[in-house]
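Novice: Any chance you could fold what I've pasted below:
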Amino acid sequence: AGADNMYPHYLEELFASSSMHGAIIQGVSQMIYGEGLNATRKDLHIEQWLKVNDIFGDQSCLKKAAFDLKLYGQCFFNIIWSKDRSVVSKVHHVPAATIRCGVANDEDQVEVFYHKDDWSQQNAAQLAIPRFSTSDRTAASQMVQVKMYSPLSFYYGLPDYLPATNYAQIEADLAAYNLSSINQGFFPSTIMNFNSGVPTEEERAELERLVYNKFGGANNAGKILMTFNDSQDTAPTIESFNLTDAHQVFDYLSEQCSKKVLSGHRVTSPLLFGVRDTGGGFGNNAEEMKDSYDLFYNTVVLPFQRLLLDGLRPVLAASNITLDLYFTPMKPASFIEVDNLFDPTSAADTADKDASYNGAQISSAVEVLVKVQEGILTEEQAKVFLVQMLQFTPEVAEALFTEGIDAISQVEGEEAEEEAIAETQLKKKNSELK
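Specialist: Residues are numbered from 1 along each chain as shown. Below is the predicted model:
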């Protein structure tokens, strides 16, 4: 959380003070959440879909978590167990800036998280919340951390735009400098010469510190300097000097900041966030605009969505939810089609066709079925294990309890027939094109 334990608030200040940086964070977070959480084949698993809606409510916690994941590189969920600790009852969002991590155990797992509204208040009380665990459900309230991996930080996630933070800071300082200059009448930079003798080194350092604190920095541009002297002979000499081609320097800095902030966020086209690039590019052609959104969605937005859903997978499994969840993509412009970005139906069909199970998976499935027969596992728990851990499709997991282990070979046989039909159709189409 930074050397002073306040790094999240530094990221908040950058978001609030850098116009382009803030617009990109806001835009990407909206793209991550999109039109909200959805599920493939939810009509076949209505009970599970109702559970999802009950746990996440109006999904505002997911929308806030998407924002935190982009801004901070991490987000936190407060998991509430049911009274009998059998299933997860509710999931709440917790602002990432209010959470600090405890010390990790020997397995590199953080056992406790600490919550406090304002970490600048050292004496304020903090609330300890244990990490989410299906094996230890003693505490009704537990915490899940979803973070982006970074070799630079073990305990906390770091934002994906980390290398561009300096340029976002420069853009913010340029804005503050220009605003201060306008408010103060564009008072020029100055050199001060003190003519009343040479003070000691300590006195010079102290005088320099006082002058810099009062008149230095972007927010002090244009402040009036006043001196008080015994006589005109001992008055300090103040010489003004102007930066050569100052407007060109500021224009160059502003242009460089824009480019670096955009590249830091991996933006494929500035037009996606309402910025027209003077160099043209994607902004000159609607087709190129579509391609840029397609690329940005698949390389930036979709990984964020998967990270968020993967982090919640253990929570869903604890409530026996095996639905294939996804975020419905938002449509940023009327001429951009989003159906081709992520087609959950085709993705599920492809997953089914590509599903082939090796000996280890089949052997493990047999062991799971035996444990159900012995009463060690319930059918629901076994189905969750088969889908989440052994990567079986929900259909195969369901069939295992109605048709036995032969369901695997039956599904694989049907898939082989479908692949053969598809291959025949493809060959026929190729021959017609020739």
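
Novice: what's the weakest-modelled helix or strand in the chain?
Specialist: Least confident helix or strand of the chain, by mean pLDDT, DSSP states H and E, is helix 344-354 with a mean of 46.

Novice: Give me the three-state assignment for Q145.
Specialist: strand (DSSP: H, G, I helix; E, B strand; the rest coil).

Novice: State the distance from it to V94.
Specialist: Shown here: Q145 relative to V94, a distance of 10 Å by C-beta to C-beta, to the nearest Å. C-beta: built from backbone N, CA, C; applies to glycine.

Novice: Same check on N298?
Specialist: Distance from N298 to V94, by C-beta to C-beta: 30 Å.

Novice: Look at those two and report which has more neighbours.
Specialist: V94 (21 against 12; other C-beta atoms under 10 Å).

Novice: Okay, and the beta partners of the more buried one?
Specialist: F76 (DSSP bridges).

Novice: Against R100, how distant is it?
Specialist: With C-beta to C-beta as the criterion, V94 and R100 are 12 Å apart.

Novice: One more: L37?
Specialist: From L37 to R100 the distance is 28 Å (C-beta to C-beta).

Novice: give me the element the residue nearest to K42 when sequence neighbours are not counted is part of.
Specialist: Leaving aside its sequence neighbours, K42 sits nearest to W49 (C-beta to C-beta, 6 or more residues apart in numbering; 4.1 Å). Element membership for W49 (DSSP states H and E) is helix 46-56.

Novice: and that helix, what does it pack onto?
Specialist: Secondary-structure packing of helix 46-56 (3 or more C-beta pairs under 8 Å, 6 or more residues apart in numbering; DSSP states H and E): strand 37-39, strand 88-94.

Novice: That one vs strand 88-94, what angle?
Specialist: 40 degrees (axes from the mean of the first three to the mean of the last three C-alpha atoms, to 10 degrees).

Novice: Next SSE downstream of helix 46-56?
Specialist: helix 60-72.

Novice: returning to that earlier point: who's more crowded, L37 and R100?
Specialist: Regarding L37 and R100, a neighbour count based on other C-beta under 10 Å identifies L37 as having more, with 22 against 17.

Novice: what are the phi and psi angles of the residue lying closest to the more buried one once chain neighbours are set aside?
Specialist: In space, and not counting its chain neighbours, L37 is closest to Q59: 5.6 Å by C-beta to C-beta, 6+ apart. Main-chain torsions, Q59, degrees, to the nearest 10: phi 70, psi 10.

Novice: all strands of the stretch 251-400 of the chain, in order?
Specialist: 325-327 (DSSP state E, counting those that start in this stretch).

Novice: Point out where it drops to low pLDDT.
Specialist: In the predicted model, the stretch 251-400 of the chain carries pLDDT under 70 at residues 276-285, 333-360, 388-389.

Novice: what ranges do the helices span in it?
Specialist: Using DSSP state H, counting those that start in this stretch, the helices found in the stretch 251-400 of the chain span residues 286-296, 302-318, 344-354, 359-373, 379-388, 394-403.

Novice: So for T268, which of those helices sits nearest?
Specialist: With C-beta to C-beta as the criterion, T268 lies closest to helix 286-296 of the helices of the stretch 251-400 of the chain, at 4.3 Å.

Novice: Can you mark which positions in that closest one are buried?
Specialist: 288-290, 292-294, 296 (16 or more other C-beta atoms under 10 Å).

Novice: Ok, stretch 365-379 next?
Specialist: 365, 368-369, 372, 377.

Novice: Pull up the distance across that stretch, start to finish.
Specialist: For stretch 365-379, the first and last residues are 12 Å from each other (C-alpha to C-alpha, to the nearest Å).

Novice: and of the buried residues of helix 286-296, the nearest to A399?
Specialist: Out of those, the member with the shortest distance to A399 (by C-beta to C-beta) is D294, at 36.2 Å.

Novice: Does K147 touch D160 like I think?
Specialist: No - using C-beta atoms under 8 Å, K147 makes no contact with D160, being 11.5 Å away.

Novice: Overlap of the contact sets of those two?
Specialist: Common neighbours of K147 and D160 (criterion: C-beta atoms under 8 Å, 6 or more residues apart in numbering): G73.

Novice: Relative to Y326, which of the buried residues of helix 286-296 is nearest.
Specialist: D294 (16.7 Å).

Novice: So K51 versus V91, what's the distance?
Specialist: 11 Å.

Novice: neighbour-wise, which of those two wins?
Specialist: Counting neighbours by other C-beta under 10 Å for K51 and for V91 shows that V91 has the greater number, 22 against 18.

Novice: what's the closest non-adjacent residue to K383?
Specialist: Counting by C-beta to C-beta, 6+ apart, A397 is the residue found nearest to K383 once chain neighbours are left out, at 4.7 Å.

Novice: how many other residues sit next to the one you found?
Specialist: Neighbour number of A397 under other C-beta under 10 Å is 22.

Novice: where's it relative to Q381, distance?
Specialist: 11 Å.

Novice: Next, E35: secondary structure please.
Specialist: Strictly by three-state DSSP, E35 counts as coil.

Novice: Next, count neighbours for the nearest residue to it once chain neighbours are set aside.
Specialist: The shortest distance from E35 to any non-neighbouring residue, by C-beta to C-beta, 6+ apart, is to T328 (3.9 Å). With neighbours defined by other C-beta under 10 Å, the count for T328 comes to 14.

Novice: show me the contacts for T328.
Specialist: 34-38.

Novice: mind redoing it with 7 Å?
Specialist: Going by C-beta atoms under 7 Å, 6 or more residues apart in numbering, T328 touches 34-36, 38.
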